[in-house]
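# My questions are about this predicted structure, shown below with the sequence.
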Amino acid sequence: MTFDDLWEMYVELHQKYGKDSYKHISQLLKDAKERHRRDFFERKPDGDHEQSWRSFKGKNFEKLIQRIITESVEDLGMKVVNGNRLERSRNLSEELSTVKNNLMINYDEFGLHLPDVDIVVYKPETLRIVAVISSKITLRERIAQTGYWKLKLLAYESTEHIKVYFVTPDEDGAFRASDAPKKGRAIVETELDCTYVLTDADFEQSGKVKLFERFIADLKRLSES
């Protein structure tokens with residue numbers, strides 16, 4: 001199974017649910033897991049499928065979110081680039097080299113380093129970075145690290161304007177209402193700019209925890225400010 005297969009499954013989902021497709025991402029991943037399992041055991045009858053699936057799911061969920069948002073972001077006059085591309089590519093275009101430099105964090109004698117983010121949104125006419133996005137299946141995956149990068153970006157005048165967003169289907173239920181908020185929600189509410197949730201489950205929304213459908217509208221307001 002490849003990312004193209006996963007994308008085809010999403011396209012079918014979108015044909016069925018339209019703008020509410022994002023609410024069914026968790027079911028999409030469950031269906032993809034079964035397909036991935038069949039393909040895996042055809043190739044490796046005695047292999048460790050769970051380990052292979054975790055790797056596939058994490059990497060391709062990030063790609064899926066980027067593909068889903070790219071057209072809408074470009075309609076706003078902005079561009080999207082994968083964080084790994086900035087990190088790993090040595091032969092970047094002049095445009096992406098400038099975007100990379102605009103995101104660098106200065107660790108003094110330890111050099112300049114990029115924050116660990118999955119997606120970077122920027123304005124092509126100025127190459128000013130508008131937002132960075134981390135996209136993970138659960139809040140347990142890298143939420144504290146994402147909060148750390150937000151604090152580092154805030155520490156410098158050149159990067160303090162960059163919004164830090166988190167996108168998740170919240171499969172560990174961190175946003176479901178309770179009298180004692182989980183650690184992940186506490187970090188989101190106090191450290192990040194916003195988290196967008198892809199789910200049809202009930203959860204308590206706030207100014208910083210919203211349904212995914214509100215992402216583009218929020219980004220539009222940000223781009224106009």
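Received the coordinates, thanks.
# how about Asn106, phi and psi?
Dihedral pair for Asn106: phi -90, psi 120, per degrees, to the nearest 10.
# I'd say it and Tyr156 touch.
Yes: with contact defined as Cβ atoms under 8 Å, Asn106 reaches Tyr156; the gap is 6.8 Å. Using the backbone N, CA and C atoms, a C-beta is placed for each residue, glycine as well.
# Identify the residues contacting the residue nearest the centre of the chain.
For the chain, the residue nearest the mean C-alpha position is Ser135 (2.4 Å; Cα atoms, centre = their mean). Taking Cβ atoms under 8 Å, 6 or more residues apart in numbering, we find Ser135 in contact with 61-62, 65-66, 118-119, 166-168.
# Which per-residue confidence value corresponds to it?
The score at Ser135 is 93. That number is its pLDDT.
# Quick check: the gap between it and Pro124.
22 Å (Cβ to Cβ, to the nearest Å).
# so Lys208 makes contact with Glu189?
Yes: applying Cβ under 8 Å, one finds Lys208 in contact with Glu189, separated by 5.4 Å.
# what's the span of stretch 190-208, first residue to last?
By Cα to Cα, to the nearest Å, the extent of stretch 190-208 from end to end equals 9 Å.
# partner residues bridging the residue nearest to the centre of the chain?
Val167 (DSSP bridges).
# Could you report the neighbour count for Arg140?
15 (other Cβ atoms under 10 Å).
# tell me the secondary structure for it?
Secondary structure for Arg140, judged by DSSP: H, G, I helix; E, B strand; the rest coil, is coil.
# buried ones in the helix ranked longest in the chain?
For the chain, the helix with the greatest residue count under DSSP state H is helix 49-75. Burial within helix 49-75, assessed by neighbour count using 16 or more other Cβ atoms under 10 Å, is assigned to 49, 52-53, 56-57, 60-66, 68-70, 73.
# can you check stretch 182-193 too?
Under 16+ other Cβ under 10 Å, the buried positions of stretch 182-193 are 182, 184-185, 187-188, 191-193.
# got those residues as TSV, with secondary structure columns?
Listed next are the buried residues of stretch 182-193 as TSV, based on three-state DSSP:
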residue	secondary structure
Lys182	coil
Gly184	helix
Arg185	helix
Ile187	helix
Val188	helix
Glu191	helix
Leu192	coil
Asp193	coil
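# okay, who's weakest in those by pLDDT?
Lys182 (77).
# Now do stretch 6-21: distance to the chain's middle.
Centroid separation between stretch 6-21 and its chain, computed with Cα atoms, centre = their mean, to the nearest Å, is 18 Å.
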